[in-house]
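Novice: Sequence below, structure please.
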Amino acid sequence: MQIAVTTPTGNVGRHVVATLIRAGVRPRVLLREPGRLAPEVRGEVDAVRVDQFDPEAVAAATEGVDALYWVDPTTGGEDPLADYARATAAVVRAVTGNRIGRVVFQSSVGAEKRHGAGEIDGLAGTETALDDLGVDVTHLRCGYFFTNLELQLDALRAGTLQVVLPLDQPMAWVAPRDIAEVAATRLLSPAWSGRCVRAVHGPADLTWRQVAGILTAATGRRIGVERITDDAMRAGLRRSGMTEGLVEAVLGMSTGLRADFTPEQRRSVRTTTPTTLAAWAYDHLRHRLADGS
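Specialist: Here you go, the predicted model:
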C-alpha cells in the first residue's frame, strides 16, 4: 500500500510518519521544504516538494497513492476560509483524479457545527467536500492540542494565561502524538469503510482552571488563568501581527464553541487517548520555561 502524508514535519504529521515507518511502510511525504525533514527520516520516505494550495501539484504528487493523510495547511492570510477552500479544492482534485480510495482527514471538534466556529468552519468545508466524493474517509475530530500552549510561552513565563472561554467550562485536550497514533491506525486498518467520524478527545476534559493547576504542578512555576473580553483578545491577536481576517477566524474557534455546543461524539473508550497534560507538560514545557527557549 502506498500512503501519502501531508504536513510531515508538523506536530501530528511527524509522528504519523514515524509510526508508519515503524510499521514497515515507506510513506510518500508532501511538503514545501523537504530539507525540514529530520535527517534520520530522509532515507525512510519519498519526499515530494509541493504546495498544498496548488491542485495540479497535489494531484501530481499523489499519483499512484492508495491512502492519504490530509491536513489542511496553515494560513496567515486575510481570508483564512478562502484559503481553506483552496486547499479543499486541491485534495478533491487529487482524490478524484488519482482515484485515491482512502482518506484520513485531520479535522477538529466543532466541525460538526458546519458554521459559526471561525477557522474550524474551513475544516468543516473540507469534511463535506470529501464526503461528497464517495470514498472511504475518516474525519478525526481532534480536541485542543497540548502544543497550542507552546504558542503562549511568554504568558506562561509571566504566570498568567488569558482566555475568552469560561474558566470552568470543560473541553477535550489531546496530545498530537496520540492523534498520530489514531491516524496511522486508520490508514493501515482494513477493518473500516465508508464515511467515519472518529473523535480524538485525549484522556480527560479539562477546564482552564484545572489546566492552570496541572501546569503549575508539572513545571514548578505558579501559573494562573484569567478570562478576558473578546475585544481584549482581538487586540492581543492584532499585536501579534495577525491580519484582521485571521484575528476573527482564530477568535471564532473559541467564541463559536463556548455556548450551546455539545460534540457530536461523546467521550468513550474509542475517543479517549492516554497521554495526560501533566506528563506532556513535564516532558515538553518544564525545560522550555526554565531555559527561555
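Novice: Quick check: G110 touching T262?
Specialist: No. The pair G110 / T262 is not scored as a contact, 10.8 Å apart, by CB atoms under 8 Å. For glycine as for every other residue, the C-beta is placed from the backbone atoms N, C-alpha and C.
Novice: and the nearest residue to R177 once chain neighbours are set aside, helix, strand or coil?
Specialist: Spatially, and ignoring its direct neighbours in sequence, R177 is nearest to H15 (4.7 Å; CB to CB, 6 or more residues apart in numbering). Here H15 is recorded as helix under DSSP: H, G, I helix; E, B strand; the rest coil.
Novice: Next up, the contacts around H15.
Specialist: Going by CB atoms under 8 Å, 6 or more residues apart in numbering, H15 touches 176-177, 179-181.
Novice: can I get those residues in TSV with neighbour count and secondary structure?
Specialist: As requested, the contacts of H15 are exported to TSV (neighbours: other CB atoms under 10 Å; DSSP: H, G, I helix; E, B strand; the rest coil):
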residue	neighbour count	secondary structure
P176	23	helix
R177	20	helix
I179	24	helix
A180	26	helix
E181	19	helix
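Novice: Tell me which stretches of the chain form strands.
Specialist: 3-6, 28-31, 46-49, 67-70, 102-108, 136-142, 144-145, 160-163, 171-174, 195-200, 204-206, 224-227 (DSSP state E).
Novice: Any chance of JSON lines for the ones you listed, columns distance to S268?
Specialist: JSON lines is the format used below for the strands of the chain (distance: least, CB to CB, whole Å):
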{"stretch": "strand 3-6", "distance to S268": "27"}
{"stretch": "strand 28-31", "distance to S268": "32"}
{"stretch": "strand 46-49", "distance to S268": "37"}
{"stretch": "strand 67-70", "distance to S268": "23"}
{"stretch": "strand 102-108", "distance to S268": "18"}
{"stretch": "strand 136-142", "distance to S268": "13"}
{"stretch": "strand 144-145", "distance to S268": "18"}
{"stretch": "strand 160-163", "distance to S268": "27"}
{"stretch": "strand 171-174", "distance to S268": "12"}
{"stretch": "strand 195-200", "distance to S268": "8"}
{"stretch": "strand 204-206", "distance to S268": "13"}
{"stretch": "strand 224-227", "distance to S268": "28"}
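Novice: Quick one: those strands as a markdown table, columns for mean neighbour count, mean pLDDT and distance to Y282 too.
Specialist: A markdown table is the format used below for the strands of the chain (neighbours: other CB atoms under 10 Å; pLDDT from 0 to 100; distance: least, CB to CB, whole Å):
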| stretch | mean neighbour count | mean pLDDT | distance to Y282 |
| --- | --- | --- | --- |
| strand 3-6 | 26 | 98 | 29 |
| strand 28-31 | 26 | 98 | 30 |
| strand 46-49 | 15 | 98 | 33 |
| strand 67-70 | 26 | 98 | 29 |
| strand 102-108 | 25 | 98 | 26 |
| strand 136-142 | 24 | 98 | 22 |
| strand 144-145 | 20 | 97 | 17 |
| strand 160-163 | 16 | 96 | 18 |
| strand 171-174 | 24 | 97 | 15 |
| strand 195-200 | 20 | 97 | 21 |
| strand 204-206 | 18 | 97 | 16 |
| strand 224-227 | 15 | 97 | 19 |
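Novice: Let me know which of the ones you listed is the nearest to M253.
Specialist: Nearest to M253 among the strands of the chain is strand 102-108 (8.0 Å), distances taken as CB to CB.
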